[in-house]
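Trainee: Would you be able to build a 3D model of this:
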Amino acid sequence: MNAVQTSDLTKFYGKARGIMNLNLTVKEGEFFGFIGPNGAGKSTTIRTLLGLISPTSGEAQVLGMDIRREKNRILSEVGYLPSEAAFYPGMKVKDILKLSAELRRKSSMDEAMVLCDRLQLDTGRKISELSFGNRKKVAIVSALFHRPKLLILDEPTSGLDPLMQREFFNILRERNAEGATVFLSSHVLSEIQRNCTRAAIIREGRIIACDSVEALSQTSTKRVIVHGAVSLNGLDGIRDLKSADGVQSFLYSGEISRLLDVLSRGNVSDISVAEPDLEEIFLHYYEDGGRKI
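Mentor: So this is what the prediction gives:
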């Protein structure tokens with residue numbers, strides 16, 4: 001059984017585009033990344049999958065359940081972390097978590113306290129007294145403490161400091177190792193590259209690429225950094241050229257022998273050639289309308 005399966009899933013807000021003809025499969029046990037900038041359709045996809053908004057057309061199943069007919073069952077089996085979570089400001093953290101457990105009809109407070117300890121969250125404070133980062137921790141605990149089969153996380157690390165981000169991903173990797181499926185929506189490409197095995201890229205409401213993170217990162221293009229005085233005029237295959245203080249950095253998709261020939265005519269003090277990172281590849285997917293660099 002797939003954790004998520006969609007068929008031509010579409011959502012319009014009146015005449016405004018939400019998502020269009022999404023065909024997506026997330027296997028059980030995957031750590032899956034969903035990549036796109038703000039406005040690409042990530043949150044619309046997630047809210048539609050959870051039955052929080054109704055699709056205009058198309059079909060989808062989450063954990064084998066239809067998103068229209070069985071949304072209450074889906075919500076009981078899923079841990080959902082929205083990009084922005086709101087809580088009753090006058091309630092204490094421990095009371096919010098207790099309420100969440102009661103609504104889910106789960107006796108999971110021991111697990112909630114373990115997560116609070118790991119995330120350094122003071123359960124005795126009121127929500128109104130918390131920083132944005134600590135409110136995000138409350139949302140994380142609320143999404144995870146009942147040990148759901150599927151975690152759907154929408155921009156989960158905004159507001160968390162680097163140490164808490166690291167601990168958060170430690171927790172996610174542990175849950176994934178135990179069999180939980182993780183669906184991670186993010187525009188932070190390093191998060192996807194470090195943690196996900198497969199990912200989809202969404203652009204203007206449509207999925208333009210879906211593959212393993214390794215395959216998405218594979219390209220014949222190299223990131224080249226040259227120190228020294230050299231003219232690159234006439235060298236084909238150069239993109240994203242940046243020059244400053246005697247250093248030229250660019251993406252190169254031409255023949256390496258031709259590059260070395262041109263560089264040998266200049267006064268080069270140092271050179272590095274490396275694979276572009278996922279962020280650079282992602283940007284060019286967007287700039288070229290889905291054509292891989």
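Trainee: Just the strands from the stretch 1-150 of the chain, written as ranges.
Mentor: In the stretch 1-150 of the chain, the segments counted as strands under DSSP state E, counting those that start in this stretch are 2-13, 16-22, 25-27, 31-35, 57-62, 65-66, 78-81, 150-154.
Trainee: Can you mark which positions in stretch 243-250 are buried?
Mentor: Neighbour counts using 16 or more other Cβ atoms under 10 Å place Gln248, Phe250 of stretch 243-250 among the buried residues. Bear in mind the C-beta positions are built from the backbone N, C-alpha and C, glycine included.
Trainee: Throw the strands of the stretch 1-150 of the chain into JSON lines and include distance to Leu99 and mean neighbour count, thanks.
Mentor: Formatted as JSON lines, these follow (distance: least, Cβ to Cβ, whole Å; neighbours: other Cβ atoms under 10 Å):
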{"stretch": "strand 2-13", "distance to Leu99": "27", "mean neighbour count": "18"}
{"stretch": "strand 16-22", "distance to Leu99": "31", "mean neighbour count": "18"}
{"stretch": "strand 25-27", "distance to Leu99": "30", "mean neighbour count": "18"}
{"stretch": "strand 31-35", "distance to Leu99": "29", "mean neighbour count": "26"}
{"stretch": "strand 57-62", "distance to Leu99": "24", "mean neighbour count": "18"}
{"stretch": "strand 65-66", "distance to Leu99": "25", "mean neighbour count": "16"}
{"stretch": "strand 78-81", "distance to Leu99": "16", "mean neighbour count": "22"}
{"stretch": "strand 150-154", "distance to Leu99": "20", "mean neighbour count": "24"}
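Trainee: could I get those as TSV with distance to Arg239 and mean pLDDT?
Mentor: Listed next are these as TSV, based on distance: least, Cβ to Cβ, whole Å; pLDDT from 0 to 100:
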stretch	distance to Arg239	mean pLDDT
strand 2-13	34	96
strand 16-22	29	94
strand 25-27	32	97
strand 31-35	21	95
strand 57-62	36	97
strand 65-66	45	96
strand 78-81	36	95
strand 150-154	32	96
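Trainee: Please name whichever of these is nearest to Val262.
Mentor: Distances from Val262 to each of the strands of the stretch 1-150 of the chain were compared by Cβ to Cβ, and the smallest falls on strand 31-35, at 34.5 Å.
Trainee: Put the alpha carbons of the closest one into PDB.
Mentor: Listed next in PDB are the C-alpha coordinates belonging to strand 31-35 (Å, rounded to 0.1, in the frame of the first residue of the first chain):
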ATOM      1  CA  PHE A  31      11.300   9.900   3.700                       C
ATOM      2  CA  PHE A  32       9.900  12.000   0.900                       C
ATOM      3  CA  GLY A  33      10.600  15.600   0.100                       C
ATOM      4  CA  PHE A  34       8.200  18.100  -1.500                       C
ATOM      5  CA  ILE A  35      10.100  21.100  -2.900                       C
END
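Trainee: doesn't Thr45 make contact with Leu22?
Mentor: Yes: the criterion here is Cβ atoms under 8 Å, and Leu22 meets it with Thr45 at 6.4 Å.
Trainee: what's the overlap in contacts for the two?
Mentor: Residues touching both Leu22 and Thr45 comprise Leu9, Ile202, with contact defined as Cβ atoms under 8 Å, 6 or more residues apart in numbering.
Trainee: Just send the strands of the stretch 1-150 of the chain back as a markdown table, with distance to Phe282 too.
Mentor: What follows is those, written out as a markdown table (distance: least, Cβ to Cβ, whole Å):
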| stretch | distance to Phe282 |
| --- | --- |
| strand 2-13 | 21 |
| strand 16-22 | 18 |
| strand 25-27 | 19 |
| strand 31-35 | 6 |
| strand 57-62 | 25 |
| strand 65-66 | 32 |
| strand 78-81 | 22 |
| strand 150-154 | 18 |
